[in-house]
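> need coordinates for the following:
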Amino acid sequence: MAERMVPSPRHERLRQLLLEAETRAHEVRQAYQHALAAMRSGKVWTGPTAVTWTTELGERHQRLGQLARRVVEAIEEELRRHPPLVTETEANAMRREMAGRT
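The predicted structure follows:
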């Protein structure tokens, strides 16, 4: 008789992690938009140093967004590697492993 299939604890944990990472990635993409808009308006700080600082802030903000996206993509890739349903035996082994009791 075939063993009963149950939700995969690893898949579920990765799904939760993905939701959290997507939320944080969205926050990161929004993080410096107000500061950049204010700096680019020319009303907050002007001059060559301000231009340099604003350019660097924009570049760092863009890089941070890219890195956040890469984290999300890595979790999505890992999630695709793990099926949503596994046997009870596999689920129990995953729970032990996730708890550090292998």
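> ok now do M98, which residues does it touch?
P9, R10, R13 (C-beta atoms under 8 Å, 6 or more residues apart in numbering). Glycine gets a C-beta too; all of them are placed from N, C-alpha and C.
> so how far is A35 from the second one?
Taking C-beta to C-beta, to the nearest Å as the measure, R10 and A35 are separated by 39 Å.
> what of V86?
V86 is 46 Å from A35, where distance means C-beta to C-beta.
> who's more crowded, the two?
Under the criterion of other C-beta atoms under 10 Å, the comparison of V86 against A35 puts V86 first, with 20 against 14.
> the more buried one: what secondary structure?
Three-state call for V86 (DSSP: H, G, I helix; E, B strand; the rest coil): strand.
> and the helix or strand of the chain with the lowest mean pLDDT, how far from the chain's centre?
Ranking every helix and strand in the chain by mean pLDDT, DSSP states H and E puts helix 33-40 at the bottom, with a mean of 94. Centroid displacement of helix 33-40 relative to its chain, using C-alpha atoms, centre = their mean, to the nearest Å, is 24 Å.
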